[in-house]
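**Q** okay, sequence plus prediction incoming.
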Amino acid sequence: MTISVKQAAAIVNKTVPEFIDWTQSMKGSDYIINFNHTFEFDNDEDIKCVYTDGDQGVLCIIGNSEIFLEEGATVQMVEGSSFCDINFKDFTMMTNEIKELIAL
């Protein structure tokens, strides 16, 4: 399952053109976590994180998973990305921040 570019842009509070520029910046990896925000497309998740490798790879991590509840997360690709390279340091930081927010 994927989420649309429009949905991902909304998560990180960017316009679609700004989002595309951010995900194709070639400036290295980056991520933005959005906590307790009302999303137009689905209101049942409180924590969403969008990660980009800076070279068109983009994924969305949703806090709380259907299978693992608060002990896990759901990872979805953003429309147009068939894969995303992940920096281990960023991935560890993202998951730790998400776990802390879930615990609140």
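**A** Received, thanks.

**Q** how about the longest strand seen in the chain: buried residues?
**A** The strand spanning the most residues in the chain, taking DSSP state E as the definition, is strand 69-78. Neighbour counts over strand 69-78 (16 or more other CB atoms under 10 Å) mark 72, 73, 74, 76, 77, 78 as buried. The way it works is simple: take the backbone N, C-alpha and C, and place the C-beta from them, glycine included.

**Q** OK, contacts around residue 3?
**A** Residues near residue 3 by CB atoms under 8 Å, 6 or more residues apart in numbering: 41, 60, 76, 77, 78, 79.

**Q** and the furthest pair within these?
**A** 41 and 77 (15.7 Å; CB to CB).

**Q** residues near residue 31, how many?
**A** As a burial measure, residue 31 scores 20 neighbours (other CB atoms under 10 Å).

**Q** and the closest residue in space to residue 48 that isn't next to it in sequence, what are its phi and psi?
**A** Setting aside the residues directly before and after it, residue 48 is nearest to residue 11 in space (CB to CB, 6 or more residues apart in numbering), at 4.8 Å. When read as degrees, to the nearest 10, the backbone of residue 11 gives phi -60, psi -40.

**Q** my guess is residue 11 contacts residue 50. True?
**A** Yes - taking contacts as CB atoms under 8 Å, residue 11 lies within contact range of residue 50: 5.3 Å.

**Q** anything in contact with each of those two?
**A** Common neighbours of residue 11 and residue 50 (CB under 8 Å, 6+ apart) are 32, 34, 60.

**Q** helix, strand, or coil at the most centrally placed residue in the chain?
**A** By CA atoms, centre = their mean, the chain has its centre lying nearest to residue 50, at 2.0 Å. At residue 50 the chain is in strand, as set by DSSP: H, G, I helix; E, B strand; the rest coil.
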